[in-house]
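> Any chance you can model this:
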Amino acid sequence: MASPLQIRFLRSFSGVADLPYVQAELALVGRSNVGKSSLINALAQRKSLAKTSKTPGATKLLNAFEVGPSGSMRWLMDLPGYGFANVSGAEKRRWAQMLNEYIEKRENLVAVLLLIDSAVGPTALDLQATNWLTHLHRPICFVATKTDQVRPAKYAKRRNELANKLGVATSDIFWVSATKGSGTAELRRHINDLVTNRT
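You can find the predicted model right below:
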């Protein structure tokens with residue numbers, strides 16, 4: 001089993017222009033309630049590293065986490081979720097603009113971890129995000145979350161359905177449960193490879 005990732009919260013940024021240069025960066029992208037914060041906690045095996053909330057849209061800023069030794073300049077970025085967060089239209093537009101600017105302009109973004117709820121996705125918004133990232137030539141790492149919420153009798157069928165809609169093989173998707181810890185070891189190794197192989 002892969003050891004917990006060495007992850008530390010650094011700070012939150014209100015805009016892309018405030019971000020400094022880093023050696024390598026991964027971005028967590030997904031719907032407002034897909035479980036980004038829970039996944040960060042599971043990867044680090046720490047319960048409160050990233051704040052979780054039952055209310056969709058809790059992440060409002062660009063939250064930077066350092067991966068590896070202190071000062072490694074290798075970051076994991078938790079971005080505001082897209083979808084049905086209970087906020088004003090103006091706030092949704094601000095989040096969308098910040099997300100778009102980050103994905104389009106961040107130079108050392110090595111990959112996007114696109115999180116999809118395995119029990120309900122991919123939604124139309126997930127497919128739209130996939131097409132957008134592909135258009136921008138951003139490497140995508142698909143991560144199916146909340147696999148513990150899929151009934152065992154329907155798990156194989158759900159995996160095939162999700163992969164078919166995304167147009168990839170089931171083996172091209174990381175299937176994880178932050179609650180149970182399943183699949184996190186493989187994802188930890190992949191994240192570590194992504195950020196450490198960037199020179």
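
> Tell me which residues are up against the lowest-mean-pLDDT helix or strand in the chain.
Least confident helix or strand, the chain: helix 89-105 with a mean of 77, by mean pLDDT, DSSP states H and E. With contact meaning CB atoms under 8 Å, 6 or more residues apart in numbering, helix 89-105 is reached by 15-16, 27, 29, 60, 62, 77, 79-80, 82, 85, 87, 109, 112, 132-133, 136, 138. All C-beta spots, glycine's among them, are computed from the backbone N, C-alpha and C.

> Following it in sequence, what is the next regular element?
Sequence order places strand 109-117 as the next helix or strand after helix 89-105, per DSSP states H and E.

> Next, the buried residues of that next one.
For strand 109-117, the neighbour count (16 or more other CB atoms under 10 Å) marks 109, 110, 111, 112, 113, 114, 115, 116, 117 as buried.

> Reformat those as TSV; add distance to residue 21 and pLDDT.
Shown next, in TSV, are the buried residues of strand 109-117 (distance: CB to CB, whole Å; pLDDT from 0 to 100):
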residue	distance to residue 21	pLDDT
109	12	94
110	14	95
111	18	95
112	19	96
113	21	97
114	24	96
115	26	96
116	30	96
117	34	95
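
> Would it be right to say that residue 77 lies in a strand?
Yes: assignment of residue 77 by DSSP: H, G, I helix; E, B strand; the rest coil places it within a strand.

> And for it, the neighbour number?
21 (other CB atoms under 10 Å).

> ok, which stretches of this structure are strands?
Along the chain, counting by DSSP state E, strands occupy 7-13, 24-30, 62-67, 74-78, 109-117, 140-145, 173-175.

> okay, those strands in JSON lines with distance to residue 155 next?
Converted to JSON lines, the strands of the chain look like this (distance: least, CB to CB, whole Å):
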{"stretch": "strand 7-13", "distance to residue 155": "29"}
{"stretch": "strand 24-30", "distance to residue 155": "20"}
{"stretch": "strand 62-67", "distance to residue 155": "30"}
{"stretch": "strand 74-78", "distance to residue 155": "28"}
{"stretch": "strand 109-117", "distance to residue 155": "14"}
{"stretch": "strand 140-145", "distance to residue 155": "11"}
{"stretch": "strand 173-175", "distance to residue 155": "9"}
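
> Quick check, pLDDT for residue 163.
Reported pLDDT at residue 163 in the predicted model: 96.

> Hmm, residue 157 and it touching each other?
No: using CB atoms under 8 Å, residue 163 is not in contact with residue 157; the gap is 11.0 Å.

> Could you check the pLDDT of residue 27?
95.

> List the contacts of it.
76, 77, 79, 102, 103, 106, 109, 111, 112, 113.

> pLDDT below threshold where in the chain?
Counting by pLDDT under 70, the chain has low-confidence residues at 1-2, 52-59, 83-92, 95, 198-199.

> Can you tell me the centre-most residue of it?
In the chain, the centroid-proximal residue (CA atoms, centre = their mean) is residue 28; its distance is 2.4 Å.

> And it, how close does it get to residue 81?
9 Å (CB to CB, to the nearest Å).
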